[in-house]
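Trainee: What follows is a predicted protein model with its sequence.
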Amino acid sequence: MLEKIVREDFKKVDKNDRVSKVFGYLYGEAPFPIVFDGKKPWGVIDERRLIKSKLSGDEKVKDFVVGVPKLDATYSLIKARDRMKKSGADVIIVTKEGEILGYVTAIDIAKESGIDKKAEDLMREVEPINEEDEIGDAINLMRKRNERILPVLSNKKFAGIIGVRNILKLLTTHEKVTDYYQEKTSLLEAPVKGYMEVSVKVCSPLEDGEKVADLIEEEGFAVVCKGKEYMGIIEPADLLK
């Protein structure tokens, strides 16, 4: 039953609230936001939509929401897994007697069901970018590919990642991740090198699926590398393969 694994650490956000209200969650400083339409749970924030237009923070939450399945707490893990896979979502809203109870992630479903695959069976090939590429290029690639994370290479070796959350943080706070700095007239022209995450834990292609799930729980994703050679990315929904 979903009730056994439901997460209750969520925050109710109205669809007509300003989108800046959820920035705290994206920065890792606030509970998971669930968007409501009046008294009814409606969906969750699709981070990828946040970089598809210029963002001032005054836009409405409803412009960045994606609908997700809503299941009763009595549903089995098998039914929940099937519904999640069909929807393509990595989150399910859980209700009980018509009231919202919380949410369940693809990580929760995968862990409870058991993961009998290795990292190489779960990963997706997300084309990397170079550390000298510009922030503007990274944003354009994310928009074009509909990705939340891009791996970054330095001299053809894995060096770190640049993700939607990194970009949103630097665009809204201008806070750099590293001390690297290069004079540029525009932030979008600055090299990715100065803003990417470099202390990224990676896993080998033969890493056990359960350990991969633990890494995704911690980081939000898993990067698969063979030595310093980048191979692929695993996100929560990929655990349900």
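Mentor: Everything's here; your move.
Trainee: Can you check the distance spanned by stretch 110-130, start to finish?
Mentor: One end of stretch 110-130 to the other measures 33 Å (Cα to Cα, to the nearest Å).
Trainee: Okay, buried residues for that stretch please.
Mentor: Of the residues in stretch 110-130, those buried under the neighbour-count criterion (16 or more other Cβ atoms under 10 Å) are 110, 111, 115, 118, 119, 120, 122, 123, 126, 128, 129. The way it works is simple: take the backbone N, C-alpha and C, and place the C-beta from them, glycine included.
Trainee: Export those residues to JSON lines and append columns for distance to residue 154.
Mentor: Below are the buried residues of stretch 110-130 laid out as JSON lines (distance: Cβ to Cβ, whole Å):
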{"residue": "110", "distance to residue 154": "32"}
{"residue": "111", "distance to residue 154": "34"}
{"residue": "115", "distance to residue 154": "31"}
{"residue": "118", "distance to residue 154": "27"}
{"residue": "119", "distance to residue 154": "22"}
{"residue": "120", "distance to residue 154": "23"}
{"residue": "122", "distance to residue 154": "25"}
{"residue": "123", "distance to residue 154": "21"}
{"residue": "126", "distance to residue 154": "17"}
{"residue": "128", "distance to residue 154": "10"}
{"residue": "129", "distance to residue 154": "11"}
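Trainee: Of these, which is the nearest to residue 1?
Mentor: Using Cβ to Cβ, residue 111 is the member of those that lies nearest residue 1, at 15.1 Å.
Trainee: can you tell me which helix or strand the closest one belongs to?
Mentor: Taking DSSP states H and E as the definition, residue 111 sits inside helix 106-113.
Trainee: Could you tell me the average pLDDT over that helix, please?
Mentor: Helix 106-113 shows a mean pLDDT of 95.
Trainee: still on that earlier bit, okay, and which of the buried residues of stretch 110-130 map to strands?
Mentor: Cross-referencing these with the strands (criterion: DSSP state E) gives residue 129 as the overlap.
Trainee: Out of the buried residues of stretch 110-130, which comes closest to residue 153?
Mentor: Top of the list for closeness to residue 153, among the buried residues of stretch 110-130 and by Cβ to Cβ, is residue 128 at 4.9 Å.
Trainee: That closest one reaches residue 154, doesn't it?
Mentor: No - under the criterion of Cβ atoms under 8 Å, residue 128 makes no contact with residue 154, lying 10.2 Å away.
Trainee: thinking again about what came up before, counting contacts, what elements does the helix holding residue 111 pack onto?
Mentor: With contacts defined as 3 or more Cβ pairs under 8 Å, 6 or more residues apart in numbering; DSSP states H and E, the secondary structure elements packing on helix 106-113 are helix 77-87, helix 209-219.
Trainee: nearest to residue 160, of these?
Mentor: Across those, closest to residue 160 is helix 209-219 (Cβ to Cβ), at 12.0 Å.
Trainee: give me the number of residues near residue 216?
Mentor: Residue 216 has 23 neighbours, counted by other Cβ atoms under 10 Å.
Trainee: next one: the one 5 residues further on
Mentor: By other Cβ under 10 Å, 19 other residues sit near residue 221.
Trainee: and if you look at residue 90?
Mentor: 20.
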